[in-house]
Structures are given as structure tokens and as C-alpha cells.
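Colleague: Just need the structure, nothing else, for what follows:
(chains A and B)
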Amino acid sequence: MASIDLDRVSVRFPIYGSRLPHAAPSRGAVGGIIRGRRSGPAIVAALEDVSIAFERGDRVGLIGHNGCGKSTLLRLIAGVYEPCRGRVRVSGRVLPLFDPMLGMSAEFTGRENIVLRAIHMGLTPRRALARADEIAEFSELGDFMELPLKTYSPGMQLRLAFSIATAFEADILLLDEQFMAGDAAFIDKAERRMKAFVGRAGILVQASHSEPMILETCNRVALFEQGRLVAIGRPDEMFDRYRERRAQEPTLAA
Amino acid sequence: MATADSVPEGRDKMRAGASERAGGRLGAAWADIAEGARHWPQWFTLAGFDIKLRFRRTGLGPLWSTLSFCVFAGALGLVYGRVLGEEVTSYLPYVVLGLFVWTFIATTLQEACDAFIHAEHVLKHLYVPKSTLIYRTLCRNLILLAFNLIAVAAVLLLCGTRLPPAAALAVAGLVILCLNLLWISLLLALFTARFRALSRIVHVGLPIGMLVTPVIWRPALPTLRELANWNPLHFAIELVRGPILGETPDAWVWIAVLAFTLAGALLAFLTFSAFRSRIPYWL
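Modeller: Residues are numbered from 1 along each chain as shown, chains lettered A, B, ... in the order given. Okay, here's the model as predicted:
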């Protein structure tokens, strides 16, 4: 059963090798709050005291300005970071899609990269190979599958990455950015596959700046600001609040 | 939903946080080490890809490792055999076996320093048991060790070395050596992630380690023997070289080495459980 439960979670990154000239917390227009310290490294508070829970059927959009903690939240759910404070409980098979090319290497062939990419999704090489033909066929790369990835155009590379990433099921899908590429003919096909793929997942959590995309796919939206959860609710309402808050801040409106 | 072609369950229930009890940390560290071991098809394949990448388009592939080892160890054996006035047929196997084990130890430890740092991108994008990177480093070096074994076998044949029945103990010696390399690698990878200078220190220290260890010289003089008896690296090499050359170490050596292994593994485990969750923050 897919579920995500974050209880009063904080994430603070010590930035080794960097110090601030003063000890007071500072707020920029973007990013989390930076705390300088008299001794030791500067600290960026990426998430502060966030409690949030998602369950089966949730299609969650994360919104907020750059550095508000969207990506950190996704990485927390993915298990990349363990929180400095609070608790994270995740049950279900998690598939993070942050970097579509994660684990792939330009020197190896398309077929070898299917194995590499699948290993970085937690699959065994054997299971990757069992699906290799089908993945190759969907990507329409033909004989390029036997050539090194460095001979591919960026669009072809993303075609392959997309075909691998969407070939395996997961209960919880984490998307950090739009995950589409290739020529127009492929985009149609990819969109259909992506919709079916997302439809099968129990939970989708997606960080994005694209309002149309979030309004189309999400049924809940969480608004973040400087590492804090401001509100969570209906997508249209949350976007209204987001615009309101941005208008109030002169640095952001300008 | 649980079809055969789905992403596997990660840690079934992720429980994490600074409020975690000490017992939770030990459990999480143990789970990391055990889960990493279960992922052997993954790290074994990745180790293979590492080697493929290193020797791509070189014609001979990893046999280059064998060849360069052959030339280096052979030349060193022939020259120093003369310098030290030793019989070539007994000195050459001694040196080649010594360098065979030493190269394995040195490259494993040096590469272990960068195990987490080189995987920064991966460690910041998805959950992986941290131990898989340690297993992968050791596995990669074991594959190269297997290639160097060809050179060792050739030298032993050429010199007419006759293997005593106890030579099989060398395999046990290698297993113990690997266990020690695992815990030392874990500590090196962990601390280098936080203190990058450690990799440099190891780089400076390893050649000195080779000089003070009887790799190419024999501890014939009493003072040298005493020095060697306080040097764990000496035992690391003798556990593999000794049995093959008919000088199997005494029982007390094996017991002492096993005790050392256990103590070290315990130390590394406790350190790992204390700092494991900080690794992605350090990168």
C-alpha cells in the first residue's frame, strides 16, 4: 500500500568550506534561510518543520519559488536524505525520476545503458535484459541501440532514458521536472505512455513551475516558501495564493 | 500492482530522524550492509562496467593490467634479485607474489577513499545502500586480481615452484584479507567524504607502507623481523604468499589476524552506524 508520512521534518545542509561574515540568519529573495555561525560552516535550512501526508490516489504538485524546498522534499521521500529532525515514513515502491539519465554513460551502447539505468532504479541486470527488446522497440532507436550513447543526439538520449524509466511499475512516482523530449511524433507517444504510467502509480509527487501541467495532472497542491509548508489544498486555490504572496513581496514582483 | 516488472521495494518502512534511538542507528547500519550484500548482481555488474570503461578500445582490455604487472614485477624481481644476491628462481616468486597482494591492497584502499565521493551524483538522486559502493570497489579490484593471477601462475611455472598441499590455505588468507579491506574501505570512504584530505594522506602513506613491509625484501635480520612482526601489512601479505611458498604462518598468526579482523569490523560498524545518515549531507 502506498503512503507517505512526514512528521515535523527539518533538513539543514552544512556547507563545508563556506562561511558567512555575520552570525544572524539571512533571508534572500530565493533559497532557504542561511545561518552563519561564528565557528563552523554556514548552514542552509532547506526544510523547516514540515508535516505532510499523502495517500493512495494523491496527485500532488509542489510549488514555490526557486530553492523553497521542493526538490529537498522529493529527495527526502526518495530516501536520499534522512531528516535532521522529525520522521519520514514511506511505504511502497518508490521511483524517483529526477535525472532522466542517472547512471547512464556516454561510452556504452544503448543496450548496455538499459542495464546501467535499470540498476540505478534498483533492478537486477537480468530483469533489465528481459525487457531490453521491448524498451528498444518503444524508443524507435533501431540499430543505434548497438552504438555508444555519445553518438546520439540529445533528443535520442532522452528518448532512450524516457523509454527505460517508464518501463517498470512503481507505487510512488517522484518527478522533479518535466520528463519529455524528442521530436513531435515521439512526444505524442511519450505523453500517452506517461499518462498511463502515472495512472498506474498509487501516488504522484511532482515539483514544477508549470501551472498548466500541474492543473492538468494534480488534485492537490502544496505551496512552499523558504523551506516551510505554507498551505496545501486545491490546485487553483493554491496558485491564487502563490500569486498573491509573490505580489506582496517587492523583490519577487520586480 | 506487484507485477514482476516493477521497481523493487526500497527499505520497506523508512524510519529516520535525529530523534532515532541508538538501537535504530545500529539496525539501520546493519540493514544497509545486509541489503547491500543482497544487491550483489547490481554491484557485480557495475564493477564489470567499471573495468570495461577503464580498458575500452585498448585491444587487450584488462589483460593490460596483467601485462603491466608482469613487466613491473618481473623487472623488479630480476634487478633486485641481482642487487640482493638472491637465487632468481626463489626470489622471483617471492617478489611477484608480494607485489600481487600489495597492488591489490594499495589500489583497493586508494579507490575506496573516493567510493562515496565519486558516486555523489547517484547518492544525491536516489536511495542506495551505501555499502554497495564499498562492495563494488572491492569487487572491481578482485576482478583485476584474477587477471594478475595469470602472471603469477606463469612466473611460478617458469621458476619451477612446486605448490605444497597447504597452498590451498592461501585462499583462506585472501578471504580474511578481503574482510579486512571491506572494513578499512568503509572507514576510508566515510571519512574522506567529510575530510577530503584523507585521500591525499592515503596517497602519500601507501608507498611508505610498501617500503616498510617485506614486499620486495625478506625480513632476514632480527631487527627487520621485529619490525615486520609489528606490521599488520606484513601479515596481510604472508597469509596469501606464505602458504604458496611453503611458509604457512603459525596458528597464532591466524588467530591474531582473525581477532584483528573482528575488532576492526566492529569499530567500522559502530562508526558507520554513527555517521551513515550524514553521508549525503557531506557530499
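Colleague: any idea how far the residue of the stretch 151-283 of chain B found nearest chain A is from residue A:2?
Modeller: Across the stretch 151-283 of chain B, no residue is closer to chain A than residue B:277, which sits at 4.1 Å (C-beta to the nearest C-beta). Where you see a C-beta, it was placed from the backbone N, CA and C, and this is true even at glycine. Noted for residue B:277: a distance of 24 Å to residue A:2, by C-beta to C-beta, to the nearest Å.
Colleague: again, but for residue A:116
Modeller: 27 Å.
Colleague: Also residue A:105?
Modeller: Distance from residue A:105 to residue A:2, counting by C-beta to C-beta: 32 Å.
Colleague: One more: residue A:203?
Modeller: Going from residue A:203 to residue A:2 by C-beta to C-beta gives 5 Å.
Colleague: Now do the shared contacts for these two.
Modeller: Residues touching both residue A:203 and residue A:2 by C-beta atoms under 8 Å, 6 or more residues apart in numbering or on different chains: A:55, A:56, A:92, A:171, A:172.
Colleague: what's the closest non-adjacent residue to the second one?
Modeller: When you say that, I think you mean residue A:56. residue A:202 (4.5 Å; C-beta to C-beta, 6 or more residues apart in numbering or on different chains).
Colleague: now the first one
Modeller: Once flanking residues are discounted, residue A:55 sits nearest to residue A:3: 5.2 Å by C-beta to C-beta, 6+ apart.
Colleague: so who does the residue nearest to residue A:139 when sequence neighbours are not counted touch?
Modeller: Closest residue in space to residue A:139, ignoring its immediate chain neighbours: residue A:163 at 4.0 Å, by C-beta to C-beta, 6+ apart. Residue A:163 makes contact with A:135, A:136, A:138, A:139, according to C-beta under 8 Å, 6+ apart.
Colleague: 10 Å - rerun?
Modeller: By C-beta atoms under 10 Å, 6 or more residues apart in numbering or on different chains, the contact list for residue A:163 reads A:110, A:114, A:117, A:131, A:134-141, A:182, A:186, A:189-190, A:193.
Colleague: Next step: those residues restricted to helices.
Modeller: A:110, A:114, A:117, A:131, A:134-139, A:186, A:189-190, A:193 (DSSP state H).
Colleague: And the strands in chain B?
Modeller: Using DSSP state E, no strands are found in chain B.
Colleague: Nearest to chain A: which residue in chain B?
Modeller: Counting by C-beta to the nearest C-beta, chain B gets nearest chain A through residue B:127, at 3.2 Å.
Colleague: okay, now the nearest residue to that residue once chain neighbours are set aside: neighbour count?
Modeller: Nearest non-adjacent residue to residue B:127, counting by C-beta to C-beta, 6+ apart: residue A:79, 3.2 Å away. Other residues lying near residue A:79 total 19 when counted by other C-beta atoms under 10 Å in any protein chain shown.
Colleague: Repeat that for residue B:107.
Modeller: Count around residue B:107 with other C-beta under 10 Å applied: 17.
Colleague: do you know how far it is from residue A:113?
Modeller: For residue B:107, the distance to residue A:113 - C-beta to C-beta - is 27 Å.
Colleague: Okay, now the unreliable bits of chain B?
Modeller: Residue ranges of chain B with pLDDT under 70: B:1-23.
Colleague: To clarify, my last question referred to the stretch 51-200 of chain A.
Modeller: In the stretch 51-200 of chain A (pLDDT under 70), the answer is A:178-185.
Colleague: Tell me which residue in it sits closest to chain B.
Modeller: Counting by C-beta to the nearest C-beta, the stretch 51-200 of chain A gets nearest to chain B through residue A:79 (3.2 Å).
Colleague: Verify the stated contact: that residue with residue A:91.
Modeller: No - Residue A:79 is beyond contact range of residue A:91, at 11.7 Å (criterion: C-beta atoms under 10 Å).
Colleague: Surely residue A:208 is in contact with residue A:71?
Modeller: No - counting by C-beta under 10 Å, residue A:208 sits too far from residue A:71 to count as a contact (11.1 Å).
Colleague: Who has more neighbours out of residue A:105 and residue A:2?
Modeller: The residue with more neighbours, out of residue A:105 and residue A:2, is residue A:2; 21 against 17, by other C-beta under 10 Å.
Colleague: ok, now which ones touch that one?
Modeller: Per C-beta under 10 Å, 6+ apart, neighbours of residue A:2: A:54-58, A:90-94, A:170-173, A:201-203, B:1.
Colleague: what do you get if the cut-off is 8 Å, keeping everything else the same?
Modeller: A:55, A:56, A:91, A:92, A:171, A:172, A:201, A:202, A:203.
Colleague: Same question for residue A:118.
Modeller: Shown in contact with residue A:118 (C-beta under 8 Å, 6+ apart): A:125, A:127, A:128, A:131, A:164, A:168.
Colleague: number of nearby residues for residue A:196?
Modeller: Residue A:196 has 10 neighbours, counted by other C-beta under 10 Å.
Colleague: so it is in which element?
Modeller: helix A:184-200 (DSSP states H and E).
Colleague: Who does the helix or strand just after that helix pair with, and is each partner parallel or antiparallel?
Modeller: Per DSSP H and E, the first helix or strand lying C-terminal to helix A:184-200 is strand A:203-207. Strand pairing for strand A:203-207, using DSSP bridges, gives strand A:59-63 (parallel), strand A:172-175 (parallel).
Colleague: so can I have TSV of those strands showing mean neighbour count?
Modeller: Converted to TSV, the strands paired with strand A:203-207 look like this (neighbours: other C-beta atoms under 10 Å in any protein chain shown):
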stretch	mean neighbour count
strand A:59-63	25
strand A:172-175	25
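Colleague: and residue 152, how many neighbours?
Modeller: Went with chain A since none was named. Applying other C-beta under 10 Å, we find 18 residues neighbouring residue A:152.
Colleague: not what I meant, chain B
Modeller: Residue B:152: 21 neighbours (other C-beta under 10 Å).
Colleague: Could you check what's spatially nearest to it, not counting adjacent residues?
Modeller: Nearest to residue B:152 is residue B:100, by C-beta to C-beta, 6+ apart, at 5.2 Å.
Colleague: Then residue B:67?
Modeller: Nearest non-adjacent residue to residue B:67, counting by C-beta to C-beta, 6+ apart: residue B:60, 6.7 Å away.
Colleague: Need the mean per-residue confidence for stretch A:239-254.
Modeller: The average pLDDT within stretch A:239-254 is 73.
Colleague: Dihedrals phi and psi, the residue nearest to residue A:56?
Modeller: phi -70, psi -40 (degrees, to the nearest 10).
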